[in-house]
Structure formats: C-alpha cells, structure tokens
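Q: coords please:
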Amino acid sequence: MSGKTVSGNPSHNPQGQAPSRPKHRKPDARASRTRNRLGMAFLELIHERPIEDVTVQDVLDRASVGRSTFYLHFRDKNDLLLSQLERFLEHMSTWLIVNKEKSLRVAPIAEMFDHLEQQRKLYCILRDAGRLADFFDLAQDYFARGIEQRLIDTGRLTRLSKPEFAARANALAGSLLSLLRWWMDRIEKEPAAKMDEMFHRMVWNGLR
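A: You can find the predicted model right below:
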C-alpha cells in the first residue's frame with residue numbers, strides 16, 4: 001500500500017456499503033504531485049504515531065503544503081487516507097488488464113499478497129486503528145469490477161448473462177479478500193505464488 005492514497009469516513013455504512021468519496025476531476029501533473037506529496041507525508045506520519053493523533057496540520061507541515069491547497073483535494077485526513085487505499089486498489093485490481101497478461105488469472109494474487117506482506121506494518125496500523133473494514137469494503141468493489149472484466153476477456157464463459165458475470169465476480173472478489181485476511185493473519189504463511197495457484201484452482205473449478 002506504500003505510495004498509495006487513503007480517504008473517507010472511518011465510520012461504517014450501516015448497510016455494509018463501501019465508504020463513499022466525492023468524485024474528483026482527473027488531476028493535472030501539478031495536482032498529482034501535490035496529492036502524492038500529501039499522501040506520502042500522511043503515510044510517513046501514521047508510521048510514527050497512531051492515526052487518530054495525526055492532524056491535517058501535521059500533514060501540511062510534513063508535506064510543505066498550504067491548508068487551502070489541501071482542501072482543494074481532500075475533505076479531511078480521512079478522505080486522504082481512503083484516497084491512498086483507492087490508488088493501491090485501482091493499481092492492483094487492474095494490474096492484469098493494464099499489463100495485458102495472457103493467462104487465466106482473474107486477479108494478481110501473488111503480486112498483491114507479496115506487496116501486502118512487505119507492507120505488513122501498514123496493514124497492522126490500519127487494523128489497530130479499526131480501518132481495515134474500510135480497506136476491505138473498497139477492495140470488494142474494485143476487485144469485483146476487475147475480475148468481471150477478466151472473466152469476460154477469457155471468452156470461456158460466453159453462456160453467462162451480464163448479471164451472472166457480475167454476481168460471480170462479486171462472489172470471487174469476496175473469496176479473494178477472505179483468503180487474504182486468512183493469509184495475513186497466519187504466522188507461517190504459504191508462499192504468495194502458491195496462494196495464487198490455490199485461488200485460481202478454486203476459481204476455475206467453481207466455474208465449470
């Protein structure tokens with residue numbers, strides 16, 4: 001998750017929906033640099049102290065950004081947090097599509113699991129702050145969309161209707177995230193590549 005952005009309200013939607021964020025216009029290069037600087041400053045700070053103790057002013061001081069500039073991009077520090085998460089999830093959920101991978105993989109399990117293990121401290125920071133639910137809520141939507149596109153691209157399930165593609169993609173995204181939770185909580189872990197193979201055996205055995 002390093003170098004990504006996170007934003008949003010820490011309280012959870014009672015209907016279990018992913019946290020919502022306002023739509024931002026596609027940023028230009030200067031705006032992107034500012035958002036990146038704010039995101040990196042925030043990530044540095046939450047590695048030094050609890051998330052609840054980090055203020056917007058702390059982020060501004062670390063990033064050398066003015067308060068008015070901050071509020072051009074984010075509502076508050078929670079919006080900044082969720083935007084970091086969303087950048088990571090956008091990258092991972094579209095990784096296979098962007099790289100035009102010619103395989104039957106529907107999600108980059110090995111790459112994502114490896115990355116999250118390397119970022120275990122950040123994972124624990126989010127867990128200890130009660131923010132993992134935000135991450136998993138957002139991840140469900142991102143991976144459901146990415147998996148649905150991959151299933152369509154394989155051309156192996158032409159008999160399925162669009163609603164059934166979406167339903168199966170959502171179910172697979174939920175399975176992926178359940179597997180990730182289980183794997184991250186283990187002390188002795190199977191290699192990420194093995195988890196990738198295991199997940200995709202379950203995917204294609206279940207889609208027969």
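
Q: And the residue nearest the centre of the protein?
A: L89 (2.9 Å; C-alpha atoms, centre = their mean).

Q: Hmm, R145 and that one touching each other?
A: No. Using C-beta atoms under 8 Å, L89 makes no contact with R145, being 10.2 Å away. To be clear about C-beta, it is placed using only N, CA and C from the backbone, and glycine gets the same treatment.

Q: Next, the buried residues of the helix or strand containing L122.
A: Assigned by DSSP states H and E, L122 falls within helix 120-128. Residues of helix 120-128 classed as buried by neighbour count (16 or more other C-beta atoms under 10 Å): 122-123, 125-126.

Q: Export those as JSON lines, with columns for distance to D114.
A: Shown next, in JSON lines, are the buried residues of helix 120-128 (distance: C-beta to C-beta, whole Å):
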{"residue": "L122", "distance to D114": "14"}
{"residue": "Y123", "distance to D114": "13"}
{"residue": "I125", "distance to D114": "19"}
{"residue": "L126", "distance to D114": "18"}
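
Q: Can you get me a residue count around A167?
A: By other C-beta atoms under 10 Å, the residues close to A167 number 14.

Q: Repeat that for the one 3 residues further on.
A: With neighbours defined by other C-beta under 10 Å, the count for N170 comes to 17.

Q: so which strand or helix has it?
A: N170 belongs to helix 162-184 when elements are defined using DSSP H and E.

Q: circling back: which among the buried residues of helix 120-128 gets closest to L116?
A: Distance to L116, by C-beta to C-beta, is smallest for Y123 among these, at 5.9 Å.

Q: which residues in the protein form strands?
A: Ranges of strands in the chain, per DSSP state E: none exist.

Q: Using CSV, write out every CA atom in stretch 52-72.
A: Presented in CSV, the C-alpha positions along stretch 52-72 are these (Å, rounded to 0.1, in the frame of the first residue of the first chain):
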residue,chain,number,x,y,z
GLU,A,52,-6.1,9.4,15.4
ASP,A,53,-3.1,11.5,16.7
VAL,A,54,-2.2,12.8,13.2
THR,A,55,-3.8,16.1,12.3
VAL,A,56,-4.2,17.8,9.0
GLN,A,57,-1.7,20.4,10.2
ASP,A,58,0.8,17.7,10.8
VAL,A,59,0.4,16.6,7.2
LEU,A,60,0.7,20.1,5.9
ASP,A,61,3.9,20.7,7.8
ARG,A,62,5.4,17.4,6.6
ALA,A,63,4.4,18.0,3.0
SER,A,64,5.1,21.7,3.0
VAL,A,65,1.6,22.4,1.5
GLY,A,66,-0.8,25.1,2.4
ARG,A,67,-4.1,24.5,4.1
SER,A,68,-6.2,25.9,1.2
THR,A,69,-4.3,23.7,-1.2
PHE,A,70,-5.1,20.6,0.9
TYR,A,71,-8.8,21.3,0.9
LEU,A,72,-8.8,21.7,-2.9
